[in-house]
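>>> Sequence first, predicted model second:
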Amino acid sequence: MELFGTIKQIFPSTTFSVELENGHTILAHIAGRLRRHHIRILPGDRVDVEMSPYDLTKGRIVYRYRAGEARRSQ
């Protein structure tokens, strides 16, 4: 499942604390595509996070929104 959130904190080894729009906070890492294209993620960035229904405490950041960009349609 894919959710919308905001980066709150950066940890070592490209792990991030992401606050989801429903108020929960999870740990997320960067997807390989973002890593390959050197997409820089900073606190306050809005992101899409992919999560597994089996572990709702971890996720993978799959998209970073640019400033002023509207959310992608699903």
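Okay, I see it.
>>> Name the SS class of the most centrally placed residue in the chain, please.
When C-alpha atoms, centre = their mean is applied to the chain, the residue found nearest the centroid is Ile61 (3.6 Å). The local conformation at Ile61, judged by DSSP: H, G, I helix; E, B strand; the rest coil, is strand.
>>> list the buried ones in stretch 57-74?
59-64 (16 or more other C-beta atoms under 10 Å). From N, CA and C alone the C-beta is placed, and that goes for glycine too.
>>> quick one: Gly68 from Thr25, how far?
Distance, Gly68 to Thr25, by C-beta to C-beta, to the nearest Å: 25 Å.
>>> where are the low-confidence patches of this structure?
73-74 (pLDDT under 70).
>>> coming back round to it: which pair in the buried residues of stretch 57-74 spans the largest distance?
Greatest spatial distance among the buried residues of stretch 57-74 (C-beta to C-beta): Gly59 and Arg64, at 13.7 Å.
>>> where along the chain do the helices fall?
In the chain, the helices defined using DSSP state H lie at 32-36.
>>> what residues are up against the nearest residue to Phe4 once chain neighbours are set aside?
The shortest distance from Phe4 to any non-neighbouring residue, by C-beta to C-beta, 6 or more residues apart in numbering, is to Glu21 (5.1 Å). Each residue near Glu21 by C-beta atoms under 8 Å, 6 or more residues apart in numbering is listed here: 3-5.
>>> measure Glu21 to Gly32 for me?
In terms of C-beta to C-beta, Glu21 sits 25 Å off from Gly32.
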